[in-house]
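[1] what's the 3D shape of this:
(2 chains)
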Amino acid sequence: DAGVIQSPRHEVTEMGQEVTLRCKPISGHDYLFWYRQTMMRGLELLIYFNNNVPIDDSGMPEDRFSAKMPNASFSTLKIQPSEPRDSAVYFCASSRGGGAGNEQFFGPGTRLTVL
Amino acid sequence: AQKVTQAQTEISVVEKEDVTLDCVYETRDTTYYLFWYKQPPSGELVFLIRRNSFDEQNEISGRYSWNFQKSTSSFNFTITASQVVDSAVYFCALRGYGAAGNKLTFGGGTRVLVKP
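    As a prediction, this is how the structure comes out:
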């Protein structure tokens, strides 16, 4: 089975531009998570969905960030307008079930550079 | 609040040496899970092991073993007979059933460099 798919793998953009990151979770998984990894803050959860519904977005840094999950097989994380401090690796993960022991499978990540 | 601390930022060993990674956690949940993930130079996050808070039995899986001590809130991870391919950043993570919900809290990571 295919794992979590993210696109693009690398994105370079200029400050002020809109950036859209995409994620396709593993088929049958009902939880989807967006994480951000930076040198300063490490790995941090931004938002997660259960059955396409956002459950906790308390990690979203500010209103410039938004995430959607229009169906069970697709999610987007949008930054508008982007800023240099948004440069990071963004990971999408999915899991079957939301229990604490349910393993989250991570995608390869999208490395975002905002100039 | 949940917190995971990995005090070692980097460990360098020579191939075939054992490597032990330290992890200390904080949580108010009585039920929780602990994880170790590996992030090789290619960047993806790879799940390694999982342990729930009710099971303090230490185990060995291939070259990996772990030591869970609830009394000291520690979940240490050992790679036996290290290989160059083990070079990566290793993350300890915690996920509870309480107020933190589904939040997987990661430690800062320990970079392991295995030299030939």
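[2] how about the strands in chain A?
    Per DSSP state E, chain A carries strands over the ranges A:5-7, A:10-13, A:19-24, A:31-38, A:42-50, A:53-56, A:65-71, A:74-79, A:88-95, A:105-106, A:110-114.
[3] and chain A, which of its residues are near chain B?
    By the rule Cβ under 8 Å from any Cβ of the partner chain, the part of chain A lying against chain B is A:31, A:33, A:42-45, A:48, A:55-56, A:89, A:91, A:93, A:98-101, A:103-109, A:111. For glycine as for every other residue, the C-beta is placed from the backbone atoms N, C-alpha and C.
[4] show me which of those are buried.
    Among those, those classed as buried by 16 or more other Cβ atoms under 10 Å in any protein chain shown are A:31, A:33, A:42-45, A:48, A:56, A:89, A:91, A:93, A:100-101, A:104-109, A:111.
[5] surely A:His10 is in contact with A:Pro108?
    No: with contact defined as Cβ atoms under 8 Å, A:His10 does not count as touching A:Pro108 (10.6 Å).
[6] A:Arg22 contacts A:Pro70, correct?
    No: A:Arg22 is beyond contact range of A:Pro70, at 11.4 Å (criterion: Cβ under 8 Å).
[7] who's more crowded, these two?
    Taking neighbours as other Cβ atoms under 10 Å in any protein chain shown, A:Arg22 and A:Pro70 compare with A:Arg22 leading, 16 against 9.
[8] neighbours of the nearest residue to the more buried one once chain neighbours are set aside, how many?
    Counting by Cβ to Cβ, 6 or more residues apart in numbering or on different chains, A:Arg22 lies nearest to A:Ser7, which is 4.8 Å off, once chain neighbours are set aside. Neighbours of A:Ser7 under the rule other Cβ under 10 Å: 13.
[9] A:Thr110 is in contact with A:Ser7, correct?
    Yes: between A:Ser7 and A:Thr110 there is a contact under Cβ under 8 Å: 7.3 Å.
[10] which neighbours do these two have in common?
    Common contacts of A:Ser7 and A:Thr110, defined by Cβ atoms under 8 Å, 6 or more residues apart in numbering or on different chains, comprise A:Leu21.
[11] nearest to B:Thr31, out of the strands of chain A?
    Nearest of the strands of chain A to B:Thr31, taken as Cβ to Cβ: strand A:88-95 at 17.2 Å.
[12] in its sheet, what does that closest one sit against?
    Here strand A:88-95 is paired, per DSSP bridges, with strand A:31-38 (antiparallel), strand A:105-106 (antiparallel), strand A:110-114 (antiparallel).
[13] out of these, the one nearest B:Phe77 is which?
    strand A:105-106 (18.1 Å).
[14] tell me the gap between the closest one and the middle of its chain.
    Here strand A:105-106 is found 11 Å from its chain centre; the criterion is Cα atoms, centre = their mean, to the nearest Å.
[15] for it, give the mean pLDDT please.
    Average pLDDT, strand A:105-106: 93.
[16] how about the residue positioned nearest the centre of chain A, nearest residue that isn't a chain neighbour?
    Residue closest to the average C-alpha location in chain A (Cα atoms, centre = their mean): A:Trp34, at 3.1 Å. Nearest non-adjacent residue to A:Trp34, counting by Cβ to Cβ, 6+ apart: A:Leu46, 4.4 Å away.
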